[in-house]
Structures are given as structure tokens and as C-alpha cells.
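**Q** Using only what follows, build the 3D model:
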Amino acid sequence: MIEIPERTVIPSVRHLKELETALDSTSPYVLLTNVHIGNLEALAAKCIEADHRVLVHCDLIGGFKPDREGIRLLKNMFGVSGVFTQSAQVVSHAQKAGMLGILRVFIMDSRSLEKGIQILTEVRPDGIEVLPGALAHRYWDEFEPFRESTTLIAGGMIVTGKERDMLFDRGYRALTASSPGLWDMA
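**A** A predicted model of the protein is given here:
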């Protein structure tokens, strides 16, 4: 599980000009979503210097391969604390390297939901990010059984304080949001 206060909004930094705002947030984590291997070191160092732990969407890092060696590189060279990924294998690599592994589960249709739940019965990620967050409240009952063993996070398309509050009230411990207006509203 991820040690994170309840009702935490994790800033998801898509635009580098918003990094300073993210570093002013109360979240212990910052999620870097628009990075490439060439700028990750400087961005991660800036986050760590501001006392934030770094998370990355490792499937979205330009010029990077999320295999066992790549994951160790993220930890040892860049100081990354954890990864978001759609791959159960990458979650395993991250956990073996001493990092957090957060599995992204997309709710596109009933079939993708069933497949995501099936994978979760076989893998024990540190966190589960349910996407899109705008629908995550509707599917709480499917993810709630995992609540004792993992941290439930909603992410994607959360734009209002009302949506944020509804997800927290439903039981999600944290949210990822790219809207700076939500980063310190919990």
C-alpha cells in the first residue's frame, strides 16, 4: 500500500510550467506525466529538493523502455519512488526494485472492467488507479474488495471540486489530477 493521507490530490504535471505550482501542493507525491528520459533527471531532482516523492507514468516516458533494467534506472539514477503503468509485469519489476507499483485500470466498457478485475486478483499492486476518474465512483463496488491490500486512486477527467469530493466520499484514498485548481482543494 501507499503511505498517503486520505483525501490527497496528487498533482499530475502535464505541462512543465505547472511544476512550481505542484511543488507548492500539500501532496507528498508529484506525478510527472509529460517527461522524456532527457529531462527526467532535472525534474525529479527539483521535486525531491522540494520534499516531494516522484511518481512517473513509465509507459509514457519518451525514450524509455520499462523493462527490469529501465525500472532500476528510474530508481537508482533519477530517484523515482514509484511508477504508474498498465502492465502487471512492470508493477512486479517496480516492487522488486523497492519502488511503488501502481496499476492503471481503464474502464472503457464492461469487458475492460472484467479484465482489470481479473488482473487484480492475480497481482498485488501497491495502488490501483481507476480511470477515468469521472466514472470511478460508479464502479466503487468492484474495486472496494481490494481496499484492504492496496491504495485506491481515481484519475483522469476530474475537473471540479464536486467530482473530487464525490470520489473521496465514495472511498477513494487519493486522486490524480492535472488541473492545478484541484491540487490543494482537498
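**Q** Now do the strands in the protein.
**A** 8-13, 29-32, 53-57, 80-85, 100-106, 127-131, 151-155, 174-177 (DSSP state E).
**Q** Tabulate those strands in CSV, adding columns for distance to Glu41 and mean neighbour count.
**A** Where you see a C-beta, it was placed from the backbone N, CA and C, and this is true even at glycine. Shown next, in CSV, are the strands of the chain (distance: least, CB to CB, whole Å; neighbours: other CB atoms under 10 Å):
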stretch, distance to Glu41, mean neighbour count
strand 8-13, 15, 25
strand 29-32, 11, 25
strand 53-57, 11, 23
strand 80-85, 10, 26
strand 100-106, 19, 23
strand 127-131, 24, 25
strand 151-155, 25, 26
strand 174-177, 22, 26
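**Q** Any chance of a markdown table for those strands, columns distance to Gly161 and mean pLDDT?
**A** Shown next, in a markdown table, are these (distance: least, CB to CB, whole Å; pLDDT from 0 to 100):
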| stretch | distance to Gly161 | mean pLDDT |
| --- | --- | --- |
| strand 8-13 | 10 | 97 |
| strand 29-32 | 19 | 98 |
| strand 53-57 | 23 | 98 |
| strand 80-85 | 23 | 98 |
| strand 100-106 | 24 | 97 |
| strand 127-131 | 19 | 98 |
| strand 151-155 | 14 | 98 |
| strand 174-177 | 11 | 98 |
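**Q** Save the ones you listed as JSON lines, and put in distance to Thr21 too.
**A** Rendered in JSON lines, the data for the strands of the chain read as follows (distance: least, CB to CB, whole Å):
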{"stretch": "strand 8-13", "distance to Thr21": "7"}
{"stretch": "strand 29-32", "distance to Thr21": "10"}
{"stretch": "strand 53-57", "distance to Thr21": "16"}
{"stretch": "strand 80-85", "distance to Thr21": "20"}
{"stretch": "strand 100-106", "distance to Thr21": "22"}
{"stretch": "strand 127-131", "distance to Thr21": "21"}
{"stretch": "strand 151-155", "distance to Thr21": "18"}
{"stretch": "strand 174-177", "distance to Thr21": "12"}
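**Q** What about the spatially closest residue to Phe168 that is not a sequence neighbour, how many residues nearby?
**A** Nearest residue to Phe168, sequence neighbours excluded (CB to CB, 6 or more residues apart in numbering): Arg7, at 4.8 Å. Using other CB atoms under 10 Å, Arg7 has 16 other residues around it.
**Q** Leu167 too?
**A** Neighbours of Leu167 using other CB under 10 Å come to 26.
**Q** Any idea what the closest residue to it other than its chain neighbours is bridged to?
**A** Counting by CB to CB, 6+ apart, Leu167 lies nearest to Ala154, which is 4.6 Å off, once chain neighbours are set aside. Bridge pairing for Ala154 (DSSP bridges) gives the partners Val130, Leu175.
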